[in-house]
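Novice: Please work out how this folds:
(one chain, ligands or ions: 3)
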Amino acid sequence: MSAGGPPGRPALLSLLLAAAMAFFCSAMSKDEARNRLLMREKMTRVGGRLVLGKQEELANARLMALKKAEMAQAMKTQKFPPSMHFFQAKNLIEKSEVFSILKRMPKGAALHVHDFSILSVDWLVKNVTYRPHCHFCFTPKGTLQFKFAHPTPPTPTPAECSEWILLEKYRRGLQNITEFDNSLLKNFTLMTENPEVTYANQNIVWSKFGTIFFMIAGLVHYAPVFRDYIFQGLEEFYQDNVFYLELRALLLPVSPLSCPLLWLDFQISLCRSSQALCPSTGTGLNAGFISKGTCAFPGATVSKDP
Ligand SMILES: *[C@@H]1O[C@H](CO)[C@@H](O)[C@H](O)[C@H]1NC(C)=O
Ligand SMILES: *[C@@H]1O[C@H](CO)[C@@H](O)[C@H](O)[C@H]1NC(C)=O
Ligand SMILES: *[C@@H]1O[C@H](CO)[C@@H](O)[C@H](O)[C@H]1NC(C)=O
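Specialist: Ligands and ions are numbered 1, 2, ... in the order given. Sure, this is the predicted structure:
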């Protein structure tokens, strides 16, 4: 107690000081507790407990530097792909260096992938529609239907579609084949320059989506194509370094083969063509088949056709 001053004042001062100290100290520990909680939460993320090696630290630093540079560039151009419609962003994403690194990095599983949407449509146009015996017709809505048939054109004549036209012959009569191929590409995807205008509501986009599946099914439901198609699809996932693929397939009969035989044959040719893709080696891409159809699939009991 100091002499001279009014009694009680120093006591009040030290009380205030003590209260302030207590507040300050508890604030510190709250921050610390919060940081620890955040750290614990971060560690529960995938790879959260992973300690990077020296090389990995370097790779990470390089990737982060590229990411920051791309974000800084986006600030300048005001074109930031994550904030854009995917159709408009796709071109930019494909040019991104970060994307090209992510593309090559190992991935886990691609789940719930439908059989008629597993690969780039370029391959459908450049490879499948250039095969012999491919017929097509125009519907009144401006869409197309496809069917492979040999030696005679497919029967019956399609309902609500023009007569069957042999694609090979049709192409020969065209002035500009590139233009036609581009129109096919447009038929096979939802891509458009003004998605918000073209697809004003969900029903419109859903209807186009269904039309595309129907069109592609006509191309793919032909045994020689189907085999190459599935193989090419697996190849593309393999190139993207995906480790596991869950493929959803109806596995309807694939003209002219009945499916069980086709699948046996397919599995064998897959293993022969690429060791990396062979399901039985346990290396490379593993593919799981989930089928709602009536057809048998690899791994299940397959009954051979006589
Ligand atoms: C189409 O793909 C198959 C199988 O991948 C290949 O053997 C063939 O050469 C390709 N044809 C064309 C025209 O690209
Ligand atoms: C053919 O069409 C493409 C795409 O529309 C165009 O770029 C090209 O110039 C055309 N070629 C000729 C010879 O007209
Ligand atoms: C689909 O292809 C046909 C034939 O080239 C073309 O007339 C039609 O405009 C295409 N449809 C779309 C949506 O591009």
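Novice: all contacts plus neighbour counts: C-alpha atoms, from now on.
Specialist: OK.
Novice: Please, where are all the strands along the stretch 151-300 of the chain?
Specialist: 165-166, 242-249, 286-291 (DSSP state E, counting those that start in this stretch).
Novice: worst average pLDDT in these?
Specialist: Ranked on mean pLDDT, the bottom entry among the strands of the stretch 151-300 of the chain is strand 286-291, at a mean of 46.
Novice: any idea how far the one residue in the stretch 201-306 of the chain that gets nearest to ligand 3 is from K147?
Specialist: Closest approach of the stretch 201-306 of the chain to ligand 3 (CA to the nearest ligand atom) occurs at K208, with a separation of 9.1 Å. The gap separating K208 from K147 is 20 Å, by CA to CA, to the nearest Å.
Novice: Counting neighbours, go ahead and name the busier of those two.
Specialist: A side-by-side neighbour count of K208 and K147, using other CA atoms under 10 Å, places K147 first with 24 against 17.
Novice: List the contacts of that one.
Specialist: 134-136, 154, 218-219 (CA atoms under 8 Å, 6 or more residues apart in numbering).
Novice: least confident pick among those residues?
Specialist: Within those, P154 has the lowest pLDDT, namely 81.
Novice: neighbours around it, how many?
Specialist: So P154, with other CA under 10 Å, has 18 neighbours.
Novice: same check, this time on R171
Specialist: Around R171 there are 14 residues (other CA under 10 Å).
Novice: quick one: contacts for it?
Specialist: Shown in contact with R171 (CA under 8 Å, 6+ apart): I177.
Novice: rewinding a little: contacting residues for the residue of the stretch 201-306 of the chain closest to ligand 3?
Specialist: Contacts were defined as CA under 8 Å, 6+ apart; by that measure K208 touches L190.
Novice: Tell me how far it lies from W164.
Specialist: 22 Å.
Novice: Of the contacts of K147, which are in range of ligand 3?
Specialist: When contact is defined as CA under 6 Å from any ligand atom, these do not meet ligand 3 at all.
Novice: Just the closest of these to A89, please.
Specialist: L219 (28.9 Å; CA to CA).
Novice: what number of residues lie near that closest one?
Specialist: 23.
Novice: same deal with the one 5 residues further on?
Specialist: Close neighbours of P224, defined as other CA under 10 Å, add up to 16.
Novice: L124 belongs to a strand, doesn't it?
Specialist: No: L124: not assigned to a strand; according to DSSP: H, G, I helix; E, B strand; the rest coil it is helix.
Novice: Please tell me the pLDDT value assigned to it.
Specialist: The model's pLDDT for L124 equals 96.
Novice: Tell me, how many residues neighbour it?
Specialist: L124 has 19 nearby residues by other CA under 10 Å.
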